[in-house]
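Student: Quick check, what structure comes out for this input:
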Amino acid sequence: MIDWVTGKFWITHNPDVLRSGQSIRTKIVDGVERIEYDIANRLSVKGSHDASITIRSHTDNTVEISGNPAKFLQGHNVFGSDDLILLMRKFFYNLTQITDLGLDPTFDDFKAVHDGDYLITRIDINATWLLNNKDEVLAWIRSAGDKTLLARRGRGVFSGDTLYYGKNSRRWSLKMYSKGHEIQKRKLSKELDIPELKDFAEKALRIELTLRSLELKERGLHFVQRWTPDFAIMLLMEAIGKLEMSNNFSLNDDKLALLKPRLRLAYKAWLRGDDLRQDLPKKTYYRYRAELLKYDIDIANVQNIDKPASKVIPLLTVLQAQPAEIPSWAYDLNLIAC
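Tutor: You can find the predicted model right below:
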């Protein structure tokens, strides 16, 4: 689904209405204070179930809009549309119905949005794979952190229970997280707190691609006209295809020689697939784990060479399956905007 869009749209509007204050920066030139830039702050606009986007006047005839269009329309982003142009058509129409914003789009403005004639500077695209429960999703992500590399990004980095690749890149990044875990922290609105939606989220492994301005421009993706209905998911799967997976990452001989004998024996046992949490005294286990983490080896992730890791579905088994589709009951319950 399309989970976030920042873009610039040609819309006839009243710039004074779309102001939430000004951000002004000045500098001294030849002893005189001059304005370096003067831009309008973003105005927050609430949509369905209090989901918000931001909007500001960019020029006299363009506005910048940033936010989650699916959540703005639906009140949730558990699932949604992959079709960027269709989604933004509906989002744009709903936005123009908010009279307080001072938007007065012409026929040409509507046609430009209908045809995808606008620019984007950021887009988040994700897909969902359904496992058995939230614990299994979190275990899968932990295993991915230990057993995957992303081309030109290296190992993933955890922030909480979310695994990031290229988190601070100015071009693009990938992340994996539990949608159920996210919803547990950011509650659904009372109207959307329904069993079907919560159960779907509980089982959802979410993988998300963020494309930023530099990457979009370099690849000519900032022009939305070329975004066919299946283009977004194709870009996501292309990024996922850059993941390099291994049943095991191991230390080279030089690093192995640096380990103390007992730690080396424990490491080799872990390499064979032993669950050291079960085999070692608690204090010893955590001491060994802390030592081996210095070498990017986490013995908490049991190797699946001789035996499968407890509660962890093999990584490739999940990603070789097709992402989950929007369930039919979602349409019956009016949980989908388009």
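Student: next helix or strand past the host helix or strand of residue 142?
Tutor: Element membership for residue 142, per DSSP states H and E: helix 134-147. On the C-terminal side of helix 134-147, the closest following helix or strand by DSSP H and E is strand 148-150.
Student: Neighbouring strands - and their directions - for that following strand?
Tutor: strand 154-155 (antiparallel), strand 243-245 (antiparallel) (DSSP bridges).
Student: could you give the mean pLDDT of it?
Tutor: Within the predicted structure, the mean pLDDT of strand 148-150 is 82.
Student: Likewise for stretch 281-299?
Tutor: 85.
Student: CA atoms of that stretch as CSV?
Tutor: Presented in CSV, the C-alpha positions along stretch 281-299 are these (Å, rounded to 0.1, in the frame of the first residue of the first chain):
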residue,chain,number,x,y,z
PRO,A,281,23.5,-20.7,33.4
LYS,A,282,21.7,-17.4,33.0
LYS,A,283,24.5,-15.1,34.0
THR,A,284,27.0,-17.0,31.8
TYR,A,285,24.6,-16.8,28.8
TYR,A,286,24.2,-13.0,29.1
ARG,A,287,27.9,-12.5,29.6
TYR,A,288,28.7,-14.6,26.5
ARG,A,289,26.0,-12.8,24.5
ALA,A,290,27.3,-9.4,25.4
GLU,A,291,30.8,-10.4,24.3
LEU,A,292,29.7,-11.9,21.0
LEU,A,293,27.5,-8.9,20.2
LYS,A,294,30.8,-6.9,19.8
TYR,A,295,31.3,-9.1,16.7
ASP,A,296,27.7,-8.7,15.4
ILE,A,297,26.9,-12.2,16.6
ASP,A,298,23.7,-12.6,18.6
ILE,A,299,23.3,-16.0,20.2
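Student: Could I get the average pLDDT for stretch 104-113?
Tutor: Averaged over stretch 104-113, pLDDT sits at 97.
Student: Buried ones in it, by neighbour count?
Tutor: 105, 109, 112, 113 (16 or more other C-beta atoms under 10 Å). In short, each C-beta sits where N, CA and C put it, glycine included.
Student: I'd like the residues you listed laid out as TSV, including distance to residue 91.
Tutor: Listed next are the buried residues of stretch 104-113 as TSV, based on distance: C-beta to C-beta, whole Å:
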residue	distance to residue 91
105	13
109	14
112	14
113	9
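Student: what two of the residues you listed are the furthest from one another?
Tutor: 105 and 112 (9.0 Å; C-beta to C-beta).
Student: Can you spell out the domain ranges of this structure, please?
Tutor: 2-26+33-245+319-332, 253-303 (automatic domain parsing).
Student: Check the ones you listed for me and report the most buried one.
Tutor: domain 2-26+33-245+319-332 (a mean of 17; mean count of other C-beta atoms under 10 Å).
Student: where's the spatially most central residue of the chain relative to residue 56, distance?
Tutor: Taking C-alpha atoms, centre = their mean as the criterion, residue 208 is the residue nearest the geometric centre of the chain, at 3.7 Å. Distance from residue 208 to residue 56, counting by C-beta to C-beta, to the nearest Å: 25 Å.
Student: residue ranges for the strands of this protein, please.
Tutor: Along the chain, the segments classed as strands by DSSP state E run 2-10, 22-29, 32-40, 43-46, 52-59, 62-67, 119-130, 148-150, 154-155, 157-159, 162-165, 172-178, 204-212, 243-245.
Student: Just the angle for the helix holding residue 142 relative to strand 119-130, thanks.
Tutor: Helix 134-147 runs at 110 degrees relative to strand 119-130, counting by axes from the mean of the first three to the mean of the last three C-alpha atoms, to 10 degrees.
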